[in-house]
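J.: Okay, structure incoming, though there's no sequence with it:
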């Protein structure tokens, strides 16, 4: 029986990919890497797990010279004072989670390329040798651009102000009925819908000077420094997403002090935005009172208080429905006595200093 020559090429292909991706052959155990880098083995294992990699046996030779160099570099980074030992695992976890998702996407992309155009393991290596350096250059560029944007924000802040605590609008966008809808969809169809949703969200948030914090299949969490930008995102997203073959979208947003840490956001404001999203009807935007108050005097928007409700964490939550005023009439233009009455009532309520 003649063996397929492609099978003979697989070990060579794996070795070539190791050289390309990992800088050389796998020849060190976990203890040997720690010893050569001058780092405690337990600490090495803790960082390895924080980066998102599975444990390996003590006798398994799975590490390369690049792993030794990376561990040595991390030690130098900590010694510089930029990262302290108390937060090193958190930093490693943030890096690992971000890059793991990027690697998943790139692997899927490469797999699709192989399935459609390439024939064997040798072609796989050739494609990787061509694509990976290009991807690395693009990633480096995007990373530097994001650093530049954040540096501008840092320089614009008041001297002495806490850089990790800011006043932000936090918004959630959620696909209504996603779970039941997705059960009847094939993998390709579901993937296309999720890709369309994430693409629309990223484009719209960027257009209005916001930042996508994270996406989770049926939802997206975003932040904006401007309450008006957050409202524009919340009003436009359901409209731009709407189609007969898509589940409807709802949005909730709140405004207040937020702690930013390792790319994520933490605050009761985040929880409040989530609760408002769960209360919103399909195609609508609900906001908290602080964000609604930011819209006082802005004619393009109409805000209406809804019935107070009790949800987890909030006994008497006051949601505010935000809609675009038809035609955005000029100040003084007649919009009807009842609507004028509701505008005055909303303005009176927002002028009070009550909580949510």
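T.: Cool, got the structure. All values reported here derive from a predicted model rather than from experimental measurement.
J.: Next up, the contacts around residue 283.
T.: With contact taken as Cβ atoms under 8 Å, 6 or more residues apart in numbering, residue 283 is in contact with 238-239, 242, 248-250. Backbone N, C-alpha and C define where each C-beta goes, glycine included.
J.: With residue 298 instead?
T.: So, once contact is read as Cβ under 8 Å, 6+ apart, residue 298 ends up touching residue 228.
J.: And it, how far from residue 254?
T.: Computed with Cβ to Cβ, to the nearest Å, the distance linking residue 298 and residue 254 is 18 Å.
J.: will you turn the contacts of residue 283 into JSON lines that also has neighbour count?
T.: Output for those, formatted as JSON lines (neighbours: other Cβ atoms under 10 Å):
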{"residue": "238", "neighbour count": "19"}
{"residue": "239", "neighbour count": "10"}
{"residue": "242", "neighbour count": "12"}
{"residue": "248", "neighbour count": "16"}
{"residue": "249", "neighbour count": "28"}
{"residue": "250", "neighbour count": "24"}
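J.: What about those, which are in helices?
T.: Counting by DSSP state H, the part of the contacts of residue 283 found in helices is 238-239.
J.: How about the secondary structure of the most centrally placed residue in the chain?
T.: By Cα atoms, centre = their mean, the chain has its centre lying nearest to residue 214, at 1.9 Å. Here residue 214 takes the strand state, with states given by DSSP: H, G, I helix; E, B strand; the rest coil.
J.: Against residue 239, how distant is the spatially closest residue to it that is not a sequence neighbour?
T.: For residue 214, ignoring the flanking residues on the chain, the nearest one in space by Cβ to Cβ, 6 or more residues apart in numbering is residue 221 at 5.3 Å. Look at residue 221 and residue 239: by Cβ to Cβ, they are 20 Å apart.
J.: What helices and strands are in contact with the helix or strand that residue 170 is a member of?
T.: Following DSSP states H and E, one finds residue 170 within strand 165-175. Under the contact criterion of 3 or more Cβ pairs under 8 Å, 6 or more residues apart in numbering; DSSP states H and E, strand 165-175 touches strand 219-224, helix 227-241, strand 249-261, helix 268-279.
J.: so which of those gets nearest residue 202?
T.: With respect to residue 202, and counting by Cβ to Cβ, the nearest of the helices and strands packed on strand 165-175 is strand 219-224 at 8.3 Å.
J.: List the strands paired with the closest one, with their directions.
T.: Partner strands and pairing direction for strand 219-224 (DSSP bridges) are strand 165-175 (antiparallel), strand 211-215 (antiparallel).
J.: Quick one: closest of those strands to residue 311.
T.: Counting by Cβ to Cβ, residue 311 lies closest to strand 165-175 out of the strands paired with strand 219-224; the figure is 13.8 Å.
J.: the inter-axis angle of that closest one versus helix 268-279?
T.: Here strand 165-175 runs at 20 degrees with respect to helix 268-279, directions being taken by axes from the mean of the first three to the mean of the last three Cα atoms, to 10 degrees.
J.: Can you name the next helix or strand after strand 165-175?
T.: Going C-terminal from strand 165-175, and assigning secondary structure by DSSP H and E, you next hit helix 178-183.
J.: Name the next helix or strand following that next one along the chain.
T.: Using DSSP H and E, the next helix or strand after helix 178-183 towards the C-terminus is helix 187-207.
J.: what residues does that next one touch?
T.: 173, 175, 182, 185, 211-212, 215, 217, 220, 222, 224, 233, 236-237, 240-241, 246.
J.: if we can go back for a sec, does the residue nearest to the centre of the chain touch residue 264 like I think?
T.: Yes - when contacts are counted by Cβ atoms under 8 Å, residue 214 is listed as touching residue 264 (7.2 Å).
J.: thinking again about what came up before, dump the contacts of residue 283 to a markdown table, plus pLDDT and distance to residue 19.
T.: Output for those, formatted as a markdown table (pLDDT from 0 to 100; distance: Cβ to Cβ, whole Å):
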| residue | pLDDT | distance to residue 19 |
| --- | --- | --- |
| 238 | 95 | 49 |
| 239 | 94 | 51 |
| 242 | 92 | 50 |
| 248 | 93 | 50 |
| 249 | 95 | 46 |
| 250 | 96 | 50 |
